[in-house]
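Student: sequence-free structure coming up:
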């Protein structure tokens, strides 16, 4: 996506709905920075605007502020699921990479992410110290990407099934043929009115995947806490963790040993599964 954006390519499939999120995040920046000041007691100076690397002016950083330690300050808003995950596990890897990029461009000793979950009005801050080893890896990659932008050499494409492709505004330009093959060869009908529904589908799918991961993590913790115990009464609920034996028909073995029986009792079944592919 970055390559197409830097090349000035017009989006072929604009993703709607993100404008309000960006507008809200920008409007909340002063409030987030003030909450950081109240939480940490550190002074925060207004953002100096666009900053360029002293030796490589093509490397840029748009920062929200600098604190009294000389650390970059970045104000972020998150939804509920991402905020709670950050509280449990720390900020996402992408933010950590962003922090090292800012340190590389500005020379700062670290970056602070001031994060607000607006709907729940929950705030947290995360410090990321400068990592010169990480910067040594990021710098040639950033310069290499800029060289590709200037030369016009397209970067390697992601797997078209990748979730990032569903959110990319250049998905058709980049993955057009692969996405058509993924979706199938049936004749399709255009319906622009369903664009918002498709966007919401992928957003909710991401939230559902995150919720399922959180649910599975809690179940694993309960299993670990139960140990060899079969039933435990806890405040709010009773936990059963007993062995259960079931007898299941091995259809694979049956089909191998007695294919005529399987063929006799096999009946066609018609379903209409809903699948949504990025395009």
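Tutor: Alright, I've got the coordinates. For clarity, every value in this text was computed on a predicted model and none was experimentally measured. Numbering: from 1, shown residues only.

Student: wait, what's in contact with residue 83?
Tutor: Residue 83 is in contact with 115, 117, 120, 122, 124, counting by CB atoms under 8 Å, 6 or more residues apart in numbering. (C-beta placed from N, C-alpha, C; glycine too.)

Student: quick one: the strands in the chain?
Tutor: Ranges of strands in the chain, per DSSP state E, are 44-46, 50-52, 60-62, 65-67, 72-77, 110-117, 122-129, 231-234, 237-240.

Student: closest to residue 23 out of these?
Tutor: strand 72-77 (10.9 Å; CB to CB).

Student: can you tell me which of the strands of the chain the model trusts least?
Tutor: Lowest mean pLDDT of the strands of the chain: strand 44-46, a mean of 85.

Student: ok, that strand: who's next to it in the sheet?
Tutor: Paired neighbours of strand 44-46 in the sheet (DSSP bridges): strand 65-67 (antiparallel).

Student: how far out from the middle of the chain is the partner strand?
Tutor: 26 Å (CA atoms, centre = their mean, to the nearest Å).

Student: Numbering from 27 from now on, please.
Tutor: Yep, numbering from 27; the last one is strand 91-93 now.

Student: residues making contact with it?
Tutor: Here strand 91-93 makes contact (CB under 8 Å, 6+ apart) with 59, 62, 66, 68-74, 98-99, 101, 134, 138.

Student: Pick out the most distant pair among the residues you listed.
Tutor: Between any two of the contacts of strand 91-93, the greatest separation by CB to CB is 20.1 Å, found for 66 and 74.

Student: Who has more neighbours out of these two?
Tutor: residue 66 (15 against 11; other CB atoms under 10 Å).

Student: In space, what's closest to the more buried one - neighbours in sequence excluded?
Tutor: Distances taken as CB to CB, 6 or more residues apart in numbering put residue 151 closest to residue 66, at 6.5 Å, once the chain neighbours are dropped.

Student: Can you name the residues that contact that neighbour?
Tutor: Residue 151 makes contact with 62, 65-66, 138-141 under the criterion CB under 8 Å, 6+ apart.

Student: hmm, which of those residues are the buried ones?
Tutor: 62, 138-141 (16 or more other CB atoms under 10 Å).

Student: between the residues you listed, which is closest to residue 113?
Tutor: residue 141 (9.0 Å).

Student: if I look at the spatially closest residue to that closest one that is not a sequence neighbour, how far off is residue 225?
Tutor: Spatial nearest neighbour of residue 141, chain neighbours left out: residue 102 (4.7 Å); criterion: CB to CB, 6+ apart. Noted for residue 102: a distance of 21 Å to residue 225, by CB to CB, to the nearest Å.

Student: Tell me which of those two has more neighbours.
Tutor: Under the neighbour definition other CB under 10 Å, residue 102 and residue 225 were set side by side, and residue 102 has more, 23 against 17.

Student: What separation is there between the more buried one and residue 156?
Tutor: Counting by CB to CB, the gap from residue 102 to residue 156 is 19 Å.

Student: cool, residue 150 as well?
Tutor: From residue 150 over to residue 156 (counting by CB to CB), the distance is 21 Å.

Student: Residue 273 now?
Tutor: 60 Å.

Student: And for residue 265?
Tutor: According to CB to CB, residue 265 and residue 156 sit 46 Å apart.

Student: Which single one of the buried ones among the contacts of residue 151 is nearest to residue 185?
Tutor: Looking across those and measuring by CB to CB, the closest to residue 185 is residue 139, at 29.2 Å.
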